[in-house]
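1. below: sequence and its predicted model.
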Amino acid sequence: MSAQNSTKLIGRVGNIEEKMVPLKNGETILKLEISLSQSNGKDKEGNWLPSSWYRAEVWGGQAEYVQKYAPKGSVIAVEGKLIQQLYEDASGNKREKYFVKVNDRDGVYVCKSSESTEESTPEPAAKASKSTKKPIVDLDTDELPPF
């Protein structure tokens with residue numbers, strides 16, 4: 001059995017870049033952070049548990065889709081590869097960072113809740129990316145994105 005690099009995260013959009021970064025090859029990239037809560041969010045004494053934060057990079061049409069339909073605080077599900085990047089900082093120290101490079105096809109699912117309005121409901125993602133299908137999940141029905 002060969003090892004596969006696959007990561008799936010469901011959480012809330014935290015910091016998100018206001019502008020997509022254009023690359024030399026014509027692609028665009030959008031960087032964001034996703035917050036994941038610990039179990040039910042509170043410990044035995046009722047204190048809030050800290051969230052875990054994960055970086056993600058979304059490319060091309062998927063990036064446009066996220067920028068348009070996933071504002072800060074919205075629930076999002078991403079699927080992709082966990083990437084380790086080694087680099088040197090300005091002081092010459094060796095550093096590393098980890099992030100999820102979201103799959104080009106069907107790697108992003110924006111969830112909606114009962115607070116969202118019809119005006120904010122996303123158009124089919126097929127128009128925004130190469131994907132042919134992008135479900136929008138209603139959080140009030142306990143339905144999870146299909147992974």
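-> Everything's here; your move. Numbers count the residues shown, from 1 in each chain.

2. from what I see, residue 108 and residue 62 are in contact.
-> Yes: taking contacts as Cβ atoms under 8 Å, residue 108 lies within contact range of residue 62: 5.1 Å. In this view, the C-beta of every residue, glycine as well, is placed from N, C-alpha and C.

3. helices and strands of this structure: which one bottoms out on pLDDT?
-> Counting by mean pLDDT, DSSP states H and E, the weakest-scoring helix or strand in the chain turns out to be strand 137-138, with a mean of 48.

4. state the phi and psi torsions of residue 67.
-> Backbone geometry at residue 67, expressed as degrees, to the nearest 10, gives phi -60, psi -40.

5. what's near enough to touch it?
-> By Cβ atoms under 8 Å, 6 or more residues apart in numbering, residue 67 lies in contact with 16, 20, 30.

6. where does the second one land on pLDDT?
-> Meaning residue 20. In this prediction, residue 20 carries a pLDDT score of 84.

7. what's the closest non-adjacent residue to it?
-> Leaving aside its sequence neighbours, residue 20 sits nearest to residue 28 (Cβ to Cβ, 6 or more residues apart in numbering; 4.2 Å).

8. what's the neighbour count on that neighbour?
-> Counted with other Cβ atoms under 10 Å, residues neighbouring residue 28 total 17.

9. repeat for residue 111
-> By the criterion of other Cβ under 10 Å, residue 111 has 20 neighbours.

10. before we move on, what about residue 103?
-> 18.

11. any idea how far it lies from residue 7?
-> From residue 103 across to residue 7, the span is 10 Å (Cβ to Cβ, to the nearest Å).

12. okay, and the beta partners of the spatially most central residue of the chain?
-> The centroid of the chain falls nearest to residue 78 when counting by Cα atoms, centre = their mean (4.6 Å). Judged by DSSP bridges, the bridge partners of residue 78 are residue 9, residue 108.
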